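**Q** Here is the input, now give the coordinates:
(2 chains)
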Protein chains: 2
Amino acid sequence: MTTTGTTTTAPSRVLAGWASTLRWQDLPDGARSAARRTLANVVGLGVGAADHPAVVTAMGALGDLGAAGDCSVLGRAERFGITWAPLVNGIAMHVEDFDDTHLRTVLHPGAPVVAAALSVAESTGASGAEVLTAVAAGVEVSSRVGNGICPGHFDLGWHVTGTMGHLGAAVAAGRLLGLDPEAMHHALALAATQAAGHTQQLGTMTKSLHPGKAAADGVEAALLAAAGFTGPDEPIEGRRGLAALMAPEVELEEMLRDLGSVWELEDNAFKPYACGIVSHPVIDAGVALREQGVDPAQIASVEVVVRPVVLQVMGVEEPQDGLQSKFSVYHCFAVGLLDGAAGPAQYSDERATDAEVVALRRKVRAVTDQDMPKDACRVEVVLQDGTTLNEVVDHATGSVERPMSDEQLRAKFELVVRPVLGERTGALWEAAFGLADLPSVAPLLEASRPA
Amino acid sequence: MTTTGTTTTAPSRVLAGWASTLRWQDLPDGARSAARRTLANVVGLGVGAADHPAVVTAMGALGDLGAAGDCSVLGRAERFGITWAPLVNGIAMHVEDFDDTHLRTVLHPGAPVVAAALSVAESTGASGAEVLTAVAAGVEVSSRVGNGICPGHFDLGWHVTGTMGHLGAAVAAGRLLGLDPEAMHHALALAATQAAGHTQQLGTMTKSLHPGKAAADGVEAALLAAAGFTGPDEPIEGRRGLAALMAPEVELEEMLRDLGSVWELEDNAFKPYACGIVSHPVIDAGVALREQGVDPAQIASVEVVVRPVVLQVMGVEEPQDGLQSKFSVYHCFAVGLLDGAAGPAQYSDERATDAEVVALRRKVRAVTDQDMPKDACRVEVVLQDGTTLNEVVDHATGSVERPMSDEQLRAKFELVVRPVLGERTGALWEAAFGLADLPSVAPLLEASRPA
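**A** Coordinates of the predicted model:
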């Protein structure tokens, strides 16, 4: 391995060592805040999706077959084992496509990393600050390895949340198990060789299985490494390792650039809308046009100009159910304009097949422009009287340039959690957002259970 | 999807339907025999490796953490859950690199497929013939999908036993759960998106984790599909599905060619030596030279001419322990000539560092020849008196052209099982090799437990 300045081309060992020895006091305020926000956001989503069909189906399959254990399933009374609870919680946190995004890699790190951390912390009794440090390390490592292989890794068709999520979950779990740098390196190796998930699965329940499995496999990898199970020296950077196999271009130095001083974690953005982030500018445009008083009945046609990736992952023209509608940029624009919102209610089976929504989205044509930034779009609406309206979104709500405030994040938390917990929603927010000062995750998990 | 003759370009649906509806009476005698041999061989290996460090380490990590259940762990008294037992059994069956090989794809289908089938059958009470039908379906589907993406998939660096093993395990488990074609298709989708395993991990414990995880994930995929969990239409052949992401070249029609009439299962070859199959011709050459009376002390130098893949996966020049010695073509030749054998004893830590072995293997030079067939090699030995000896192996022992007989297979079974079960070894052989006539796997699993 060669060393250039402060970086090296053996990122797996450097990242494992860094993650293993990180301390809460090493995190700058911005990183601490980002860790807290990342955790609170997906805890809320996990509770909110406790009765989602994908979650209920998974629990039905696993509940009778030895999955019972001591770890909490968010928003539910059942308890599952130390890998099964992360599997279900990871599905629940991600299934509404409402979680968080490291925009450069299109990784949604919250679900796999936090799902893994919560169950291990529940088993070991780790303090709140230790849990947030583990979450920070997991998000940072998974985002950074992603930086070295994206955009090619994503463009090929890998679901980054499934692949990089394995690494993040293993690192978070490994920290909470107290792995030393050597064992952490083995945990990373065990997770790397299990990295998986295809974007062919978008629009099906299996998309959210990816972060669930990443969380479960990550915990298992850390447990195996703690017991002495071994992997190779260069699981990520080796000639037949993760990077070479799963990306057309690899820049190893990107994985380590400014490690510990520039935090990728701080670029983890929170979703204001319950669908893939690449559609968010288009929803912003729909909401803005609604606020300008545009009458949907008067619209003759709509042209949205977006980056090509939008149609690659959001090109469903006639979604047949709620899950498919999350992958339809046409549906996204329509609900933005009709409802002024794009929460779980806008991606229900009913809304996906609503006559008014269908009529409007059929008027939408999408045009791609490779130079369009990821968080931007242009929309031209032609009314039946010939009037033309233009709406330009430079930075979508929830982007790094236009982040959600803590107040907006709490409002979103209320939106998803209140239907499950009612008046106890505030107590869960306090425990989740204030975890750094708690002696363990027990109060948070206690508050997450339905009455 | 287009249809040409009896094939189609939508293999996932065709293979799921075929596997779901296959009956024991549809299998020709050759396929029945191959299924029986495949199962008996890995059952023996699983029992034989019950105390292997990789198995003991994995059990230590998982045993205290909710993995206990109702399913048998081969050769051990513990019982694990319906996904945990396959995880451990899959590791045990593969860890000695002594199992079986579908030569065209370099897939070792026995471990993932049989490990999955045994635990599900133990839970459902399936008959012996049903278990063998499930094993046949699993081996066939995993080998055939492999045919469509290999050799490129393997050459890139994917460990085919980890990737295709997921599909085979899901199919075997799905059959034993009684999945209809639609549910089987979802099981295949759930398994496809989890397909993983890098050959970077060869020479470490994690190599054998691959079939273990394939077995466990396959069972889980089938359970999820049985409960109604859903995946996409084209998980294998879709634009962002398994084949496109994991292979440089894809021939979908190879997955379906002569399905049901030509059995890939019958090409599953059994290993006479406990290491990667690509080294077997070289071991045969060493054994043959020993039988000719060559004195190791008189050897000045050895040149082995092999296919390039041999050095890609077996190029370790100075193995430091038993596991690494399995990936050293130099070590393989040396023990073949010194011991006339290459069983687990020849790949122990002691033998890997033995002075006589080290001295001989340092005299071996490997030369690659792209035109050398996979199961062949040429060896030239120069003695200190200048004499030159040539040994040519056209087809290695255990190859399709020179298969192991049932008697040889039984002798191998005795070799690995007797140290664990002693005089009860014969009873396990009868139950495993005669499973087709048994009402369930219970007698086999009972016979596999140590006294």
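**Q** drop to CA atoms for contacts and neighbour counts, all remaining ones
**A** OK.
**Q** Need the contact partners of stretch A:351-359.
**A** Here stretch A:351-359 makes contact (Cα atoms under 8 Å, 6 or more residues apart in numbering or on different chains) with A:318-322, A:325, A:331, A:334-335, A:338, A:345-346.
**Q** Return the subset of these lying in strands.
**A** Applying DSSP state E to the contacts of stretch A:351-359, no entry is found in strands.
**Q** Out of the residues you listed, show me where the pLDDT dips lowest.
**A** Least confident of the contacts of stretch A:351-359 in the model: residue A:345, at 88.
**Q** Quick one: neighbours of that one, just the number.
**A** Per other Cα atoms under 10 Å in any protein chain shown, the neighbour tally for residue A:345 reads 15.
**Q** Same check on residue A:321?
**A** 16.
**Q** Residue A:346 is in contact with that one, correct?
**A** No - counting by Cα atoms under 8 Å, residue A:321 does not reach residue A:346; the two are 11.1 Å apart.
**Q** Next up, identify which helix or strand the residue nearest to residue A:214 when sequence neighbours are not counted is on.
**A** Of all residues not flanking residue A:214 in the chain, residue A:166 sits nearest, at 4.2 Å (Cα to Cα, 6 or more residues apart in numbering or on different chains). Using DSSP states H and E, residue A:166 sits within helix A:160-176.
**Q** just the CA coordinates of whichever helix or strand comes after that helix, formatted as PDB?
**A** Proceeding N to C from helix A:160-176, the next assigned helix or strand is helix A:181-192, under DSSP H and E. C-alpha atoms of helix A:181-192 as PDB (Å, rounded to 0.1, in the frame of the first residue of the first chain):
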ATOM      1  CA  PRO A 181      -9.000  -1.800  15.000                       C
ATOM      2  CA  GLU A 182      -8.100  -5.300  13.900                       C
ATOM      3  CA  ALA A 183     -11.500  -6.800  14.700                       C
ATOM      4  CA  MET A 184     -13.200  -3.800  13.200                       C
ATOM      5  CA  HIS A 185     -11.200  -4.400  10.000                       C
ATOM      6  CA  HIS A 186     -12.500  -8.000  10.000                       C
ATOM      7  CA  ALA A 187     -16.100  -6.800  10.600                       C
ATOM      8  CA  LEU A 188     -15.700  -4.500   7.600                       C
ATOM      9  CA  ALA A 189     -14.400  -7.400   5.500                       C
ATOM     10  CA  LEU A 190     -17.300  -9.600   6.500                       C
ATOM     11  CA  ALA A 191     -19.800  -6.800   5.700                       C
ATOM     12  CA  ALA A 192     -18.100  -5.900   2.400                       C
END
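**Q** Could you check helix A:181-192 against chain B for contacts?
**A** Yes - Helix A:181-192 is in contact with chain B by Cα under 8 Å from any Cα of the partner chain, via residue A:190.
**Q** Around chain B, which positions in the stretch 151-300 of chain A sit nearby?
**A** Counting by Cα under 8 Å from any Cα, the stretch 151-300 of chain A sits next to chain B at A:156-158, A:190, A:193-206, A:223-224, A:226-232, A:234-235, A:238-242, A:245-246.
**Q** Residue A:46 and chain B: what is the separation?
**A** 18 Å (Cα to the nearest Cα, to the nearest Å).
**Q** Quick check: which element contains that residue?
**A** Judged by DSSP H and E, residue A:46 forms part of helix A:29-48.
**Q** tell me the domain ranges of chain A?
**A** With automatic domain parsing as the criterion, the domains of chain A are listed as A:3-272+A:406-448, A:277-393.
**Q** Pipe those into a markdown table and attach distance to residue B:129 per row.
**A** Shown next, in a markdown table, are the domains of chain A (distance: least, Cα to Cα, whole Å):
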| stretch | distance to residue B:129 |
| --- | --- |
| domain A:3-272+A:406-448 | 24 |
| domain A:277-393 | 40 |
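**Q** highest average neighbour count across those?
**A** Among those, ranked by average contacts under mean count of other Cα atoms under 10 Å in any protein chain shown, first place goes to domain A:3-272+A:406-448 (a mean of 24).
**Q** where's that one relative to the chain centroid, distance-wise?
**A** 9 Å (Cα atoms, centre = their mean, to the nearest Å).
**Q** Strands of the stretch 351-451 of chain A, start to end?
**A** Listed in chain order, the strands found in the stretch 351-451 of chain A under DSSP state E, counting those that start in this stretch are A:364-368, A:377-383, A:388-393.
**Q** Strand A:377-383 and the shortest one, what's the angle between them?
**A** Note on geometry: by axes from the mean of the first three to the mean of the last three Cα atoms, to 10 degrees, strand A:364-368 and strand A:377-383 are set 150 degrees apart in direction.
**Q** Report the mean confidence score over strand A:364-368.
**A** Mean pLDDT, computed over strand A:364-368, is 97.
**Q** Just name whatever secondary elements that strand is in contact with.
**A** strand A:299-306, helix A:308-314, helix A:329-339 (3 or more Cα pairs under 8 Å, 6 or more residues apart in numbering or on different chains; DSSP states H and E).
**Q** Neighbours of residue A:394, how many?
**A** When neighbours are defined as other Cα under 10 Å, residue A:394 has 16 of them.
**Q** quick one: it from residue A:305, how far?
**A** Relative to residue A:305, residue A:394 is positioned 12 Å away (Cα to Cα, to the nearest Å).
**Q** repeat for residue A:233
**A** Going from residue A:233 to residue A:305 by Cα to Cα gives 46 Å.
**Q** Next: residue A:390.
**A** Separation of residue A:390 from residue A:305 (Cα to Cα): 11 Å.
**Q** can you check residue A:401 too?
**A** Residue A:401 is 20 Å from residue A:305, by Cα to Cα.
**Q** do residue A:121 as well
**A** In terms of Cα to Cα, residue A:121 sits 45 Å off from residue A:305.
**Q** what is in contact with residue A:394 and residue A:305 at once?
**A** By Cα under 8 Å, 6+ apart, the residues touching both residue A:394 and residue A:305 are residue A:377.
**Q** low-confidence ranges in chain A?
**A** Chain A contains residues with pLDDT under 70 at A:1-9, A:64.
**Q** residue with max distance from the center of chain A?
**A** Note on chain A: the largest separation between a C-alpha and the mean C-alpha position, by Cα atoms, centre = their mean, falls on residue A:385 (42.6 Å).
**Q** Tell me who's in contact with the closest residue to that residue other than its chain neighbours.
**A** Nearest non-adjacent residue to residue A:385, counting by Cα to Cα, 6+ apart: residue A:298, 7.9 Å away. Residue A:298 makes contact with A:383-385, according to Cα under 8 Å, 6+ apart.
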